[in-house]
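Student: take a look and give me a structure for this.
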Amino acid sequence: MSKRDELIQKYADDLKTKCGVEPDMDLLTKVTIGCGPSIYNADSSTVASSQESELETVKNNFLIKKLGLADGPALMDGINKAIETYGKSERNKYRAVVYYLLTKEFGKESVYG
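Tutor: A predicted model of the protein is given here:
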């Protein structure tokens with residue numbers, strides 16, 4: 001099993017156990033690949049949900065640039081909902097899991113089609 005496959009399995013486990021979501025493995029794999037090399041770096045593989053600047057980065061680089069959504073209050077609401085789903089007390093919120101939740105939240109699975 002490759003390192004990426006191991007990480008995808010870890011993300012799937014997080015979605016099931018921490019988020020209560022049955023993951024679409026095909027979409028999760030595509031979202032993980034879309035994260036690029038950041039998934040292998042301890043710092044960039046997670047989202048620091050308590051840092052406003054980090055949430056702005058998620059909004060600008062993922063929701064607006066990657067998913068093609070228009071800027072507006074709904075984006076931050078979606079991010080907060082994803083963080084809430086993951087569990088605010090959860091220390092390690094994996095970027096791929098947060099991006100997966102956001103992709104589902106905004107119905108943008110077609111971006112990875």
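
Student: next SSE downstream of the helix or strand encompassing residue 28?
Tutor: Taking DSSP states H and E as the criterion, residue 28 maps to helix 25-34. Using DSSP H and E, the helix or strand that follows helix 25-34 towards the C-terminus is helix 52-57.

Student: which other helices and strands contact the helix holding residue 28?
Tutor: helix 3-17, helix 95-105 (3 or more Cβ pairs under 8 Å, 6 or more residues apart in numbering; DSSP states H and E). Just so you know, the C-beta spots here come from the backbone N, C-alpha and C atoms, and that holds for glycine as well.

Student: could you export the shortest one as PDB, CA atoms only?
Tutor: Output of helix 95-105 as PDB, limited to C-alpha atoms (Å, rounded to 0.1, in the frame of the first residue of the first chain):
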ATOM      1  CA  ARG A  95      -7.000  19.200   4.900                       C
ATOM      2  CA  ALA A  96      -8.300  16.500   2.500                       C
ATOM      3  CA  VAL A  97     -11.200  15.700   4.900                       C
ATOM      4  CA  VAL A  98     -12.200  19.300   5.300                       C
ATOM      5  CA  TYR A  99     -12.000  19.800   1.500                       C
ATOM      6  CA  TYR A 100     -14.000  16.700   1.000                       C
ATOM      7  CA  LEU A 101     -16.700  18.000   3.400                       C
ATOM      8  CA  LEU A 102     -16.700  21.300   1.600                       C
ATOM      9  CA  THR A 103     -17.000  19.700  -1.900                       C
ATOM     10  CA  LYS A 104     -20.000  17.800  -0.700                       C
ATOM     11  CA  GLU A 105     -21.500  20.800   1.200                       C
END
